[in-house]
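Asks: Turn this into a structure:
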Amino acid sequence: MIWQKISNSCNLPQFFLTQHRILDLSYNNLVKLPSNPPLDFPRLVKLSLKKNNLKGLSGIEKFQSLTYLKLSRNDLSSLGEIKKLSNLKTIKGISLYRNPVSDSTNPKEYIQTLVTVCPNLESLDHIPIQTLWAKHF
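Replies: Below is the predicted model of the structure:
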């Protein structure tokens, strides 16, 4: 696993993203995703962006191999941003808790949007989808 403290300019060396399976960019005060990523991330399956200041998910579509994505404790406030995850066909687990979108959206709408956007989703905010579905539907 690579953990990298980076500046807000977010210029990452390409070898970090093309050769590793796990990347932790937590606690970096990022307001946006990297601006200079390579075209794809063939080996990256786990990405942690928790505890940043992300307001949007533009560029997330370049992470095509992701199975787990941690976005908790950011500043994501709209379901429109969450819908950008629809290009990530292999996502099985997403953590979005303590974002305005997860805290203020109706739980049914929040869960239903994520399940629709990410049809292979098995867990949301570290809770199995079946458990969430049984509780809210």
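Asks: does residue 109 really touch residue 79, like I thought?
Replies: Yes. In this structure, residue 109 is within contact of residue 79 by CB atoms under 8 Å, at 7.3 Å. Heads up, the C-betas are built off the backbone N, CA and C, glycines and all.
Asks: Need the pLDDT of residue 83.
Replies: Note for residue 83: predicted pLDDT of 94.
Asks: what's the answer for residue 40, then?
Replies: Residue 40 is assigned 63 on the pLDDT scale.
Asks: what's the answer for residue 105, then?
Replies: 87.
Asks: List the contacts of it.
Replies: 79, 113 (CB atoms under 8 Å, 6 or more residues apart in numbering).
Asks: Please report how far it lies from residue 30.
Replies: Distance of residue 105 to residue 30, given as CB to CB, to the nearest Å: 23 Å.
Asks: re the thing from before, between residue 109 and residue 79, point out the one with more neighbours.
Replies: Higher neighbour count among residue 109 and residue 79: residue 79, with 15 against 11, using other CB atoms under 10 Å.
Asks: so the more buried one touches residue 113, yeah?
Replies: Yes. Taking CB under 8 Å as the definition, residue 79 is a contact partner of residue 113 at 5.2 Å.
Asks: Quick check: the gap between the nearest residue to residue 123 once chain neighbours are set aside and residue 104.
Replies: Using CB to CB, 6 or more residues apart in numbering and skipping the chain neighbours, the partner closest in space to residue 123 is residue 93 (4.4 Å). Using CB to CB, we find residue 93 at a distance of 22 Å from residue 104.
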